[in-house]
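S.K.: Structure, please.
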Amino acid sequence: MSETVSTAPVRVIVAKPGLDGHDRGAKVVARALRDAGMEVVYTGLHQTPEQIAETAIQEDADAVGLSVLSGAHLTLFAKVIEELKKRDAEDIVVFGGGIIPEGDIQPLLDLGVARVFTPGTSTHEIVEWVSSAVAG
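M.R.: Next up, the predicted model:
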């Protein structure tokens with residue numbers, strides 16, 4: 001018997017949690033992921049961690065990308081991860097980016113964030129990372 005390999009496209013939720021009203025970067029990343037053949041749902045501005053986790057589950061997402069520029073990244077990333085855990089969805093890869101100080105990156109990784117991208121990261125690098133992170 002041959003093993004069946006899934007050829008379904010990677011499904012990514014791109015979200016803007018909290019009160020941050022700047023979404024240009026999130027839209028650029030969402031477009032780059034979509035252009036690379038991934039299915040992307042952009043949730044829009046002002047999403048709660050609960051809404052993001054619920055959307056990720058409803059959309060059968062492989063990954064959730066969070067964009068935070070407001071300075072509330074430690075709290076918001078932690079809450080999204082907590083909400084995914086509450087829903088038995090810990091297998092969904094959480095990554096993010098935004099204006100995140102270097103000193104906050106390791107604490108985010110310790111919370112369970114798989115990768116943090118800072119300003120200046122190329123969309124190619126993000127696409128490559130997401131592709132490999134959800135491949136297995």
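S.K.: Which SSE is immediately downstream of the strand or helix carrying residue 26?
M.R.: For residue 26, the host element (DSSP states H and E) is helix 24-35. Note on helix 24-35: by DSSP H and E, the next helix or strand toward the C-terminus is strand 39-42.
S.K.: So which bits of the helix holding residue 26 are buried?
M.R.: In terms of neighbour count (16 or more other CB atoms under 10 Å), helix 24-35 has its buried residues at 25, 26, 29, 30, 32, 33, 34. Every residue, glycine included, has its C-beta placed from N, CA and C.
S.K.: Columns pLDDT and distance to residue 98 on top of these, output as TSV?
M.R.: Output for the buried residues of helix 24-35, formatted as TSV (pLDDT from 0 to 100; distance: CB to CB, whole Å):
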residue	pLDDT	distance to residue 98
25	93	7
26	96	9
29	97	10
30	98	14
32	98	16
33	98	16
34	98	20
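S.K.: so, if you compare those residues, which one comes nearest to residue 42?
M.R.: residue 30 (4.6 Å; CB to CB).
S.K.: all strands of the chain, in order?
M.R.: With DSSP state E as the criterion, the chain has strands at 11-15, 39-42, 63-68, 93-98, 115-117.
S.K.: mind giving me TSV with these and columns for distance to residue 127?
M.R.: Formatted as TSV, the strands of the chain follow (distance: least, CB to CB, whole Å):
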stretch	distance to residue 127
strand 11-15	10
strand 39-42	11
strand 63-68	11
strand 93-98	12
strand 115-117	11
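S.K.: Is there a neighbour count for the closest residue to residue 26 other than its chain neighbours? I'd like the number.
M.R.: Computed as CB to CB, 6 or more residues apart in numbering, the closest residue to residue 26 that is not its neighbour in sequence is residue 67, at 3.9 Å. By other CB atoms under 10 Å, 26 other residues sit near residue 67.
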